[in-house]
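Student: Just to be clear, the model below is a prediction. Sequence and coordinates:
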Amino acid sequence: MSQTQKNSPIGIFDSGVGGLSVLKAIRAQMPQEAIIYLGDQGHVPYGSRPFDEVQAFSEQITRFLLAKGAKLIVVACNAASAAALQYLRHIFPQVSFIGMEPALKPAAEQTKSGVVGVLATPATFQGVLYASTVERFARGVTVLQDTCPGLVGQIEKGELDAPETESILRLALHPMLEQGIDTVVLGCTHYPFVIPLIERIAGKNVRVIDPAPAVARQTGRLLASAGMRQPAGTKAAVAYYTTAAAESMQKLLPKLLGESGVVKSLRWMDGKLSE
C-alpha cells in the first residue's frame with residue numbers, strides 16, 4: 001500500500017443528507033481520515049424508487065468518488081445498500097464497499113419484551129438484505145415495521161423538531177408501543193438526526209439503536225486490514241458535494257454535524273455526473 005493510497009479519502013454517499021450521520025460517526029472515531037461526501041439530493045428520497053434506478057445512480061456516484069481518489073466507499077444509505085450493494089461489488093470487484101443493514105442482531109439479542117420496532121424506507125423493507133437479516137437474527141422476536149412516510153423530506157429540510165415531524169413519528173411509534181416494543185432500530189441513515197424526538201415519544205425505557213457507530217468501526221477495521229488507515233494526527237478535511245443547489249446542504253451542515261463546510265454542486269447529464 002503506497003503512502004498516496006493511504007492518504008486518499010474515504011468516499012461516502014447517500015440520497016441526501018442522511019449519510020451525514022455516518023460521516024459524523026466516522027469523524028468521531030477517525031478524525032484524521034479525509035472524506036468525500038456526496039448527497040444525491042436531486043433524486044432524494046431513494047426509498048420509494050425502483051431498484052434498477054437506484055443501482056444506476058449508485059454506479060455513477062461510485063465512479064465519481066473513485067475518480068476523486070476514494071480508497072473505500074461507504075454506501076451510507078439503507079435504500080441504496082438494499083438495491084445496489086451487491087451490484088456495486090460485482091461491477092467494482094477491486095473496491096471495498098461498506099453498506100448499511102438494519103441493526104436487528106443487537107436488537108434481538110438485547111430486547112427484554114421480545115418486540116422490536118424497525119423504522120425504514122420501503123426499499124429497505126423490500127430488499128433481500130433486510131429479509132435475510134430478519135431470518136438470521138430475529139427468530140423468536142416480533143418485528144414491527146413502519147416506513148415513516150414524509151420523514152426523510154422533513155429531515156432534508158432541517159425540520160428535526162417540527163410538529164409535522166413529531167406527527168409522523170407518533171403515527172409510527174404509538175402502535176408499536178401499544179404492542180410492547182422496548183427497542184427501536186433505525187433503518188434509514190436520515191433517522192438518527194431525530195433520535196431526541198424519538199426518545200421523547202417512546203420514553204426512557206425504549207432503546208434506540210443507531211447503526212452509524214458500528215459502521216464507522218467496520219470502516220476502521222477494513223482500512224486497517226488493508227493497510228490504508230491513517231495514523232492518528234490532525235483533523236483531515238471533508239469535501240461535500242450535492243446534486244441539488246449547494247446552499248440546501250450547506251445551511252444544514254452546522255445543524256446536523258455541528259461544523260460548517262463548503263458544498264459544491266454537481267449536475268446529472270445523460271445519466272452521468274459532471275462538475
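Tutor: Received the coordinates, thanks.

Student: Which residue ranges make up each domain of the chain?
Tutor: For the chain, automatic domain parsing gives the domain ranges 3-100+213-274, 104-210.

Student: Mind putting those into CSV with mean pLDDT and mean neighbour count?
Tutor: Any C-beta I mention is one placed from the backbone N, CA and C, and that applies to glycine too. Formatted as CSV, those follow (pLDDT from 0 to 100; neighbours: other C-beta atoms under 10 Å):
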stretch, mean pLDDT, mean neighbour count
domain 3-100+213-274, 95, 19
domain 104-210, 96, 19
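
Student: for the stretch 51-200 of the chain, what spans make up the helices?
Tutor: 51-67, 78-91, 104-110, 122-126, 128-137, 151-156, 163-178, 195-202 (DSSP state H, counting those that start in this stretch).

Student: For Lys251, which of those is the nearest?
Tutor: helix 151-156 (11.5 Å; C-beta to C-beta).

Student: That closest one packs against which elements?
Tutor: helix 163-178 (3 or more C-beta pairs under 8 Å, 6 or more residues apart in numbering; DSSP states H and E).

Student: Return the helix it packs on as PDB; C-alpha atoms alone will do.
Tutor: Extracted C-alpha coordinates of helix 163-178, given in PDB (Å, rounded to 0.1, in the frame of the first residue of the first chain):
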ATOM      1  CA  PRO A 163     -44.900  19.500  14.700                       C
ATOM      2  CA  GLU A 164     -45.200  17.600  11.300                       C
ATOM      3  CA  THR A 165     -42.000  15.600  12.100                       C
ATOM      4  CA  GLU A 166     -43.400  14.700  15.500                       C
ATOM      5  CA  SER A 167     -46.700  13.700  14.000                       C
ATOM      6  CA  ILE A 168     -45.000  11.300  11.500                       C
ATOM      7  CA  LEU A 169     -43.100   9.700  14.300                       C
ATOM      8  CA  ARG A 170     -46.000   9.400  16.700                       C
ATOM      9  CA  LEU A 171     -48.100   7.800  14.000                       C
ATOM     10  CA  ALA A 172     -45.300   5.200  13.500                       C
ATOM     11  CA  LEU A 173     -44.300   4.600  17.100                       C
ATOM     12  CA  HIS A 174     -47.600   4.600  19.000                       C
ATOM     13  CA  PRO A 175     -48.900   1.300  17.500                       C
ATOM     14  CA  MET A 176     -45.500  -0.200  18.200                       C
ATOM     15  CA  LEU A 177     -45.500   1.000  21.800                       C
ATOM     16  CA  GLU A 178     -49.000  -0.400  22.300                       C
END
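
Student: which residues touch Glu156?
Tutor: Gly16, Val17, Gln41, Val44, His190, Ser248 (C-beta atoms under 8 Å, 6 or more residues apart in numbering).

Student: Can you add secondary structure and distance to Ala172 and give those residues back as a markdown table?
Tutor: Shown next, in a markdown table, are the contacts of Glu156 (DSSP: H, G, I helix; E, B strand; the rest coil; distance: C-beta to C-beta, whole Å):
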| residue | secondary structure | distance to Ala172 |
| --- | --- | --- |
| Gly16 | coil | 19 |
| Val17 | coil | 20 |
| Gln41 | coil | 24 |
| Val44 | coil | 20 |
| His190 | coil | 14 |
| Ser248 | helix | 26 |
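
Student: Export those residues as TSV, with columns for distance to Pro93.
Tutor: Formatted as TSV, the contacts of Glu156 follow (distance: C-beta to C-beta, whole Å):
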residue	distance to Pro93
Gly16	28
Val17	30
Gln41	29
Val44	29
His190	30
Ser248	35
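
Student: Identify the residue nearest Leu173 in space, chain neighbours excluded?
Tutor: Nearest non-adjacent residue to Leu173, counting by C-beta to C-beta, 6 or more residues apart in numbering: Ile201, 5.2 Å away.

Student: give the contact list for the one you found.
Tutor: Applying C-beta under 8 Å, 6+ apart, the residues contacting Ile201 are Glu166, Leu169, Arg170, Leu173, His174.

Student: which of those lies closest to Gly271?
Tutor: Leu169 (35.6 Å).

Student: Make sure that closest one is actually in contact with Gln154.
Tutor: No: applying C-beta atoms under 8 Å, one finds Leu169 not in contact with Gln154, separated by 9.5 Å.
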